[in-house]
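Chemist: Show me the folded form of this:
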Amino acid sequence: MNSITDSIIHDEGDFLLIDKPFDWTSFDVVAKIRNTFKSAGLKRKVGHSGTLDPKATGLLILATGRKTKEIAQLEVLDKVYDGAIKLGVMTESHDIETSEYGHCSVRHLTDTQISSVVSEFVGTHLQQPPMHSAAWHNGKRLYAHARKGEVIKERKAKEIVIHRFEITRIELPFVYFVLHVSKGAYIRVIAHELGSALGVGGYLASLRRVSIGPYQLSSSNTVSETIEAILQQASTTSPR
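Modeler: Next comes the predicted model:
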C-alpha cells in the first residue's frame, strides 16, 4: 500500500490516487469512499476528476474535504493510457460494452501499414463524443439516448490533442498501444477511427490509465487499501 496521509479524514482533505477496478463506474468508487467516511462517523465531501469508463481500469483521482474545490485544476491535465485495439470488427459503443459486428479479415495488413496510419493521428483534431458516453445533450446523457436506440447526429465536437500514439506490439487482430492525450479525448473514438482509417473497423479491447499530469498509477492504491487506511486513521486520530 502506498502512503495515504491522515489529512484525508480532516476537513482540509487530500487527493486520493485509486486504481479503479474493472466494471466499476467512477461514481461507484466515489460512493464507496463516501460511505466509508460515513461508516466511520465522518461526513466528508468526495469527488473525482477525469471519468473512467466502466470497462477501463487505472488511475482515478478522488478529492476529499476542501480539496474538492481543486478538482477543476486536475481536469485540464493531460492523460496517458495503454491498452489494445481489436481490428477487423466493430461495436456500437466502440469498446467491449456492446456486441461485435462487421467482422472482416485483417490478414492483408502489415506492421508498416498500421504504424504509418497511426502516425497520422498525432496532432490536433476535432472529436465527436460517442453515443455511449456521459456527455450531455439537451439535458440528458448521451448514453441514455443510446440505450433507447436513439442516435444524436449533431453531437458537439471538441478539440483534442494527441501528443503521442505509440504502437508497442502488433499481434493481429490486436494492436497494443500507448496514448498521451489532452483532456476530453475519448480513446474509444480513436480506436474506432483507426479501424476506419485502415478500412477494416476496430474497437477498444482494453484500456488502462497510467497517469494524469504528474500523478502516476504506480503511486495509487486499490479501493480496499484506501478504505482500510480511512478506517484505521479514523479510529486512531481525533478529527479536527
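Chemist: I'd like the distance between the most centrally placed residue in the chain and F121.
Modeler: By CA atoms, centre = their mean, the chain has its centre lying nearest to L52, at 3.0 Å. From L52 over to F121 the distance is 21 Å, taken as CB to CB, to the nearest Å. Any C-beta I mention is one placed from the backbone N, CA and C, and that applies to glycine too.
Chemist: Below-threshold pLDDT in the chain: ranges please.
Modeler: Scanning the chain for pLDDT under 70 picks out 1-3, 5-9, 131-148, 150-154, 237-240.
Chemist: can you pull the buried residues of the longest strand that the chain contains?
Modeler: Taking DSSP state E as the criterion, the chain has its longest strand at strand 158-171. Residues K158, I160, I162, F165, I170 are the ones in strand 158-171 that count as buried (16 or more other CB atoms under 10 Å).
Chemist: what's the answer for stretch 216-234, then?
Modeler: Quick answer for stretch 216-234 (16+ other CB under 10 Å): L217, S220, N221, V223, T226, I227, A229, I230, Q233, A234.
Chemist: Export the residues you listed as TSV, with columns for distance to A205.
Modeler: Formatted as TSV, those follow (distance: CB to CB, whole Å):
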residue	distance to A205
L217	19
S220	23
N221	26
V223	24
T226	28
I227	30
A229	33
I230	34
Q233	39
A234	40
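Chemist: for S196, what are its contacts?
Modeler: S196 makes contact with G202, according to CB atoms under 8 Å, 6 or more residues apart in numbering.
Chemist: Wait, a helix at it?
Modeler: Yes. Assessed by DSSP: H, G, I helix; E, B strand; the rest coil, S196 belongs to a helix.
Chemist: picking up where we left off before, which helix or strand contains the residue nearest to the centre of the chain?
Modeler: Assigned by DSSP states H and E, L52 belongs to no helix or strand.
Chemist: these two touch, right, it and V210?
Modeler: No. Counting by CB atoms under 8 Å, L52 sits too far from V210 to count as a contact (11.8 Å).
Chemist: domain parsing for the chain?
Modeler: 6-76+214-236, 79-212 (automatic domain parsing).
Chemist: can you give me the helices for this structure?
Modeler: 26-39, 71-75, 111-119, 142-147, 187-197, 223-236 (DSSP state H).
Chemist: Out of those, the one nearest I85 is which?
Modeler: helix 187-197 (4.4 Å; CB to CB).
Chemist: Buried residues of the closest one, list them for me.
Modeler: The neighbour-count check on helix 187-197 (16+ other CB under 10 Å) flags I187, R188, V189, I190, A191, H192, E193, L194, G195 as buried.
Chemist: would CSV of these with distance to S206 be doable?
Modeler: Below are the buried residues of helix 187-197 laid out as CSV (distance: CB to CB, whole Å):
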residue, distance to S206
I187, 10
R188, 11
V189, 16
I190, 14
A191, 10
H192, 15
E193, 18
L194, 15
G195, 15
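Chemist: which among those residues gets closest to G88?
Modeler: Comparing these against G88 with CB to CB places G195 closest, at 7.9 Å.
Chemist: and which of the buried residues of stretch 216-234 is nearest K43?
Modeler: Nearest to K43 among the buried residues of stretch 216-234 is A234, at 12.0 Å by CB to CB.
Chemist: so the closest one makes contact with L42?
Modeler: Yes. A234 is within contact range of L42, at 6.2 Å (criterion: CB under 8 Å).
Chemist: I would like the residues contacting stretch 223-240, please.
Modeler: 1, 4, 6, 8-11, 16, 18-21, 24, 29, 32-33, 36-37, 39-42, 221.
Chemist: Can you tell me which of these are buried?
Modeler: Buried, going by 16+ other CB under 10 Å: 4, 8-10, 16, 18-20, 24, 29, 32-33, 36-37, 40, 42, 221, out of those.
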